[in-house]
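J.: quick one: sequence and predicted model below, then my questions.
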Amino acid sequence: MAVFITGSSGYIGTELCRRYEFDETVEDIIGLDVVPPAEDFSKLVFYQRSCNDDLTDIFQNHQIETVIHLVFALNPTHDSKKMFEINIGSLENIMSHVEQFGVRRLVVTSSGTAYGAHADNPARLTEDDAIKGNQGFQYSRDKATVESRLADFQNSHPDLEVIIARPAIVCGPHINNFISRYVSKALVPLVKDADVEMQYIHEEDMADALYVIAAEAPAGAYNLGPPETISDEYAVAELGGRVIRLGPRLIRWLTALAWNLRLRFLTEAPSSMIDFIEFPWVVDGSKIERETSFRYRHSSTDAIRAFAQKRQEA
């Protein structure tokens, strides 16, 4: 079979290519990204273009049975329209081609943020809990929209298998995004009196999980997150930083001011991001181990320590 990976040049995309390179059941890896691949793979047929472009020729030229859609704008920008076009537009384009060419399986990376960070969240969010993304934070809102569109798509295409991955915070030695840069500051602002546990999935477990569910998982959603959680203060300490606790109104006001003034050294995200360090959103990641052969190999502590070690070596 052939597997089609959008966002194939990113770290997770590259790790998936590496796994499929040695998978005898896969004849071709079809990669799509706006930047060239980070490594050479003998099975990889690469197309350098946007996921929002016409992809008809790709689907015509290859017998694609599985699509793994990784494209999504992680780092917040002030251009919400462009982010929506990347996040939702690319998905709709992929769904259109999947429908037209009769692709059998569609795997999409969502996020635990699709549940939203809310004061009344249960201690562990399961796949049966409602998707209530925080509307003020575009990353969370767009992830919830992705899931809504996928649910409608699955309902109207019962013969297609839609698999949704909802990971916790992905962390490890190769991670470099607004989240990793926030927690690795010398002085990290956190919400006063907020006692929130954080959950990190190691990047290797993330790649393994996607690889396994693409091959084995029945249609449906799968939370991805190890059982162990850690405090935000522990994560900051592991990275050599120090926590400063601010009241919820003050930290939001300061973050909003810095965001509006484009002071990236203070914040790379709008104040709505503060919900995710004040309110709980830990997922129960056990379903994937019940339904597939995947097993977590790393804890949240392992993921943070791997990231910290890489920073020390740099």
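T.: Structure received.
J.: report the buried residues of whatever helix or strand Ile179 lives in.
T.: Element membership of Ile179, judged by DSSP states H and E, is helix 178-183. Of the residues in helix 178-183, those buried under the neighbour-count criterion (16 or more other CB atoms under 10 Å) are 179-183. From N, CA and C alone the C-beta is placed, and that goes for glycine too.
J.: what's the end-to-end length of stretch 238-253?
T.: 28 Å (CA to CA, to the nearest Å).
J.: that older thread, for Asn121, state which of the buried residues of helix 178-183 is nearest.
T.: Checking these against Asn121 by CB to CB gives Ile179 as the nearest, at 19.0 Å.
J.: burial measure for the nearest residue to that closest one once chain neighbours are set aside, as a count.
T.: Distance criterion CB to CB, 6 or more residues apart in numbering; nearest residue to Ile179, sequence neighbours excluded, is Ile169 at 6.2 Å. For Ile169, the tally of surrounding residues (other CB atoms under 10 Å) stands at 23.
J.: so which residue is dead centre in this structure?
T.: The centre of the chain sits closest to Ser111, judged by CA atoms, centre = their mean, with a distance of 5.1 Å.
J.: so who does that residue touch?
T.: 139-140, 143, 166-167 (CB atoms under 8 Å, 6 or more residues apart in numbering).
J.: would a markdown table of these with neighbour count be doable?
T.: Output for the contacts of Ser111, formatted as a markdown table (neighbours: other CB atoms under 10 Å):
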| residue | neighbour count |
| --- | --- |
| Tyr139 | 26 |
| Ser140 | 26 |
| Lys143 | 25 |
| Arg166 | 24 |
| Pro167 | 25 |
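J.: inside helices: which ones of those?
T.: Mapping the contacts of Ser111 onto helices (DSSP state H) picks out 139-140, 143.
J.: nearest to Gly247, of the residues you listed?
T.: Within the ones in helices among the contacts of Ser111, proximity to Gly247 (CB to CB) peaks at Ser140, which comes in at 22.7 Å.
J.: isn't the closest one right up against His118?
T.: No - the pair Ser140 and His118 fails to qualify as a contact (CB atoms under 8 Å) at a distance of 10.7 Å.
J.: identify the contacts common to those two.
T.: Overlap between the neighbourhoods of Ser140 and His118 consists of Asn134, taking contacts as CB under 8 Å, 6+ apart.
J.: using neighbour counts, pick out the buried residues of the strand or helix carrying Arg249.
T.: When elements are assigned from DSSP H and E, Arg249 belongs to helix 248-260. The neighbour-count criterion (16+ other CB under 10 Å) identifies 251-252, 254-255, 258-259 as the buried residues of helix 248-260.
J.: would you turn those into a markdown table with distance to Ala194 and pLDDT?
T.: As requested, these are exported to a markdown table (distance: CB to CB, whole Å; pLDDT from 0 to 100):
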| residue | distance to Ala194 | pLDDT |
| --- | --- | --- |
| Ile251 | 10 | 97 |
| Arg252 | 12 | 97 |
| Leu254 | 16 | 97 |
| Thr255 | 14 | 97 |
| Ala258 | 19 | 97 |
| Trp259 | 20 | 97 |
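J.: which of those lies closest to Lys132?
T.: Using CB to CB, Arg252 is the member of the buried residues of helix 248-260 that lies nearest Lys132, at 19.7 Å.
J.: from Tyr182, how far out is the closest residue to the closest one other than its chain neighbours?
T.: If the residues on either side of it in the chain are set aside, Arg252 comes closest to Ser271, at 4.3 Å by CB to CB, 6+ apart. Taken as CB to CB, to the nearest Å, the spacing of Ser271 relative to Tyr182 amounts to 13 Å.
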